[in-house]
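J.: Kindly generate the corresponding structure for this input.
(one chain, ligands or ions: 1)
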Amino acid sequence: MAIVLIWITSIIVSCIIADKNGRSVGAWFFLSLLFGFLATIVVLAMGPANPVTIAVASPHQPFVFAENRVPCPRCGESIVATAKICRFCSAAQAVNEWPTS
Ligand SMILES: [Zn+2]
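T.: Numbers count the residues shown, from 1 in each chain. Okay, here's the model as predicted:
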């Protein structure tokens with residue numbers, strides 16, 4: 001009977017960890033149902049889901065630039081539209097080729 005309690009506990013713990021880490025609760029519920037405590041260890045070891053998604057949602061938006069500034073085609077930094085050389089990466093700029101609007 002104890003094994004059933006451990007099994008149910010591991011399912012609950014897996015669901016809580018999955019929810020906390022932004023993973024599918026339903027998927028980890030079934031994985032725990034099948035693999036018991038093994039699934040709990042796996043979801044715990046995996047950590048938070050998709051740190052890349054968090055980076056994409058960060059305030060750094062490469063396409064928002066102040067007026068008369070354009071993104072450097074090489075390094076992406078905001079530089080003056082009339083600049084001939086990028087001040088960040090020293091790449092030569094094709095002047096007037098970039099729309100300023
Ligand atoms: Zn550059």
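
J.: quick one, strands of this structure?
T.: Under the criterion DSSP state E, the chain contains strands at 69-71, 78-80.

J.: Of those, give the one that comes closest to the ion.
T.: Distance to the ion, taken as C-beta to the ion, is lowest for strand 78-80 among those, at 6.6 Å. For glycine as for every other residue, the C-beta is placed from the backbone atoms N, C-alpha and C.

J.: Mind listing what's buried along the longest helix seen in the chain?
T.: Within the chain, and with DSSP state H defining each element, the longest helix by residue count is helix 2-20. Within helix 2-20, the residues that count as buried by 16 or more other C-beta atoms under 10 Å are 10-11, 13-15, 17-18.

J.: Ramachandran coordinates for N21?
T.: phi -90, psi 10 (degrees, to the nearest 10).

J.: Identify the residue nearest it in space, chain neighbours excluded?
T.: Sequence neighbours aside, P48 is the residue nearest to N21 in space, at 4.5 Å (criterion: C-beta to C-beta, 6 or more residues apart in numbering).
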